[in-house]
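Novice: predicted coordinates and the sequence they were generated for:
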Protein chains: 2
Amino acid sequence: MIPKSQRRSPCPVACALDILGDKWTLLVIRDLFLGKHHFDEFRASPEGIATSTLSARLAWLTSLGLIRRTGHATDRRRIAYALTERGISLNSLLTETARWGLENIPGTKVMPGGAVSIRAAIKTQPQPKR
Amino acid sequence: MIPKSQRRSPCPVACALDILGDKWTLLVIRDLFLGKHHFDEFRASPEGIATSTLSARLAWLTSLGLIRRTGHATDRRRIAYALTERGISLNSLLTETARWGLENIPGTKVMPGGAVSIRAAIKTQPQPKR
DNA sequence: CAGTATCCTGAAAGATACTG
DNA sequence: CAGTATCTTTCAGGATACTG
């Protein structure tokens, strides 16, 4: 969490933006709500995030306690990410963002794979790839 | 509006972030919902936005049709900004952002001046300064 | 009051290559 | 598969000064 001393103000909007206010963070969250769990799945999203950027975001969100890493002791190929309770609390904010975009930006549409779904995030177990 | 050709994807979340995904834009929107209308009022907000940044954001939001400039023909001191219908449609997104910050970031609190209020934005008439 | 005009710097991000 | 390591570039944003 960002220490109070270096926050721009105590405003909850400003503080939320210090965490989520960029072009990538919420997209990673979106992917988790869509049921994605693996590095290469995030990377394969159509927006085309760079590996260095993705790596930084995953570490950032982990440090904030919004996601957690479900590593595997011996097999690095089974590393996965999942939303924590706190991460799941972003559901309505994310949904609201999607709704606004859908209603106000012509040409937008929900991705193949379905709408942002809290159920996908909660019920999908992080699975190692076959 | 950002042309489809240069969007990262058709995802409504991604497109919304291309518009709102930075640390300043939503704060200007917030100030409008708080009933502020004038350049120096935005500037005086505790986050301390630079004049060049503020100027760019006001032009940007105006070009998107989210705010409108209610200029005065002869007196530049009476220039004011107000939310358009489309800008007002950001109310629930903004409120959701504030709610999430308030519930998940310790030490945040609504600014003196009251909670983000759609009524302040709608009912307050842009008034020239005395 | 409502900006514009510069100058400048750091941080963010893209591209690419490499690794256990 | 899940990253790390560089390198380079861009550009958002801060500081400051000035103006009708």
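Specialist: All right, it came through fine.
Novice: quick check: closest non-adjacent residue to the spatially most central residue of chain A.
Specialist: Per C-alpha atoms, centre = their mean, the C-alpha nearest to the average position across chain A is that of residue A:29, at 1.4 Å. Nearest residue to residue A:29, sequence neighbours excluded (C-beta to C-beta, 6 or more residues apart in numbering or on different chains): residue A:90, at 5.7 Å. Placement of C-beta: from N, CA and C, glycine included.
Novice: what's the burial count for the one you found?
Specialist: 26 (other C-beta atoms under 10 Å in any protein chain shown).
Novice: residue numbers of chain A in contact with DNA strand D?
Specialist: Those residues of chain A that sit near DNA strand D, judged by C-beta under 7 Å from any atom of the strand, are A:38-41, A:51-52, A:55, A:58-59, A:69, A:76-81, A:129.
Novice: just these: which are in helices?
Specialist: A:39, A:40, A:41, A:51, A:52, A:55, A:58, A:59 (DSSP state H).
Novice: list the contacts of the closest residue to the fourth one other than its chain neighbours.
Specialist: The shortest distance from residue A:51 to any residue that is not its chain neighbour, by C-beta to C-beta, 6+ apart, is 6.6 Å, and that residue is residue A:43. Contacts were defined as C-beta atoms under 8 Å, 6 or more residues apart in numbering or on different chains; by that measure residue A:43 touches A:49, A:51, A:54.
Novice: which residues of chain A fall in strands?
Specialist: Secondary structure of chain A (DSSP state E): strands at A:67-70, A:80-83.
Novice: deepest in the core, which of those is it.
Specialist: Comparing the strands of chain A by mean neighbour count (mean count of other C-beta atoms under 10 Å in any protein chain shown), strand A:80-83 comes out on top with a mean of 20.
Novice: format the strands of chain A as CSV; extra columns: mean pLDDT and distance to residue B:25.
Specialist: Listed next are the strands of chain A as CSV, based on pLDDT from 0 to 100; distance: least, C-beta to C-beta, whole Å:
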stretch, mean pLDDT, distance to residue B:25
strand A:67-70, 94, 25
strand A:80-83, 96, 26
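Novice: format these as CSV; extra columns: distance to chain B.
Specialist: As requested, these are arranged in CSV below (distance: least, C-beta to the nearest C-beta, whole Å):
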stretch, distance to chain B
strand A:67-70, 14
strand A:80-83, 13
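Novice: between the ones you listed, which one is nearest to DNA strand C?
Specialist: Of all the strands of chain A, it is strand A:80-83 that lies closest to DNA strand C, at 14.0 Å by C-beta to the nearest atom of the strand.
Novice: does any bit of the closest one sit next to DNA strand C?
Specialist: No - Strand A:80-83 does not reach DNA strand C (C-beta under 7 Å from any atom of the strand); its nearest approach is 14.0 Å.
Novice: now do that strand: which elements does it pack against?
Specialist: helix A:25-33, strand A:67-70, helix A:118-123 (3 or more C-beta pairs under 8 Å, 6 or more residues apart in numbering or on different chains; DSSP states H and E).
Novice: CA atoms only for the first one, dumped as CSV, please.
Specialist: Looking back up the chat, that one is helix A:25-33. The C-alpha trace of helix A:25-33 is given here as CSV (Å, rounded to 0.1, in the frame of the first residue of the first chain):
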residue,chain,number,x,y,z
THR,A,25,-3.5,-2.5,-14.2
LEU,A,26,-7.2,-2.8,-14.6
LEU,A,27,-6.7,-4.9,-17.7
VAL,A,28,-4.8,-7.5,-15.8
ILE,A,29,-7.6,-7.5,-13.2
ARG,A,30,-10.1,-7.9,-16.0
ASP,A,31,-8.3,-10.9,-17.3
LEU,A,32,-8.3,-12.5,-13.9
PHE,A,33,-12.1,-12.0,-13.7
